[in-house]
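Asker: Sequence and predicted structure below; questions after.
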Amino acid sequence: MSTPTYKIGMLVDHPKRPQWGPGKVIALGEGRMYVYFRDDLEKKAKTLLTTVVSPTIAEEQTDAVLDLLPQATHDGVSYMLPKNYAKVMRLTVAK
């Protein structure tokens, strides 16, 4: 079995956390990826160690919520959505 090639912007599924729904890869690092999962969306991106878990590439590469995520910024430690991300997401999804 070959290791998937991950790219920023691609949608993935966590094999051990299907309840999180699809996730959008926002950054890649040495042996890790930073992901926002649609059904467990938090301000801080989840860090996945790809040596511990290998997310699968989602069959669908588009998602109504994840496609509209605002730009995350790196604060030196974590990737974070803007402070008003919850409000922005509610307004965007409601349209």
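Answerer: Yep, it's here.

Asker: Could you use CA atoms for every contact and neighbour count after this?
Answerer: Fine.

Asker: What ranges does the chain have for its helices?
Answerer: 85-94 (DSSP state H).

Asker: how many neighbours does the residue lying closest to Lys44 once chain neighbours are set aside have?
Answerer: Distances taken as Cα to Cα, 6 or more residues apart in numbering put Met80 closest to Lys44, at 4.6 Å, once the chain neighbours are dropped. If you count neighbours by other Cα atoms under 10 Å, Met80 ends up with 19.

Asker: Now do the same contact list for Met80.
Answerer: Counting by Cα atoms under 8 Å, 6 or more residues apart in numbering, Met80 makes contact with 43-45, 72-74.

Asker: switch to 10 Å and redo it
Answerer: 36, 42-46, 70-74 (Cα atoms under 10 Å, 6 or more residues apart in numbering).

Asker: now Asp39
Answerer: Counted by Cα under 10 Å, 6+ apart, Asp39 has contacts 18-23, 65-66.

Asker: are any of those residues buried, and which?
Answerer: 20-23, 65-66 (16 or more other Cα atoms under 10 Å).

Asker: Which members of the residues you listed are positioned in strands?
Answerer: Gly23 (DSSP state E).

Asker: Need the per-residue pLDDT for Pro70.
Answerer: Looking at Pro70, its pLDDT stands at 90.

Asker: Lys87 is in contact with that one, correct?
Answerer: No: the pair Pro70 / Lys87 is not scored as a contact, 11.0 Å apart, by Cα atoms under 10 Å.

Asker: Same drill for these two, tell me which one is more crowded.
Answerer: Pro70 (14 against 9).

Asker: Looking at pLDDT only, which of the buried ones among the contacts of Asp39 scores worst?
Answerer: Val65 (90).

Asker: wait, that one sits on Arg38?
Answerer: Yes: shown here, Val65 and Arg38 form a contact pair, counting by Cα under 10 Å, at 6.7 Å.

Asker: Fine by me, we can end here.
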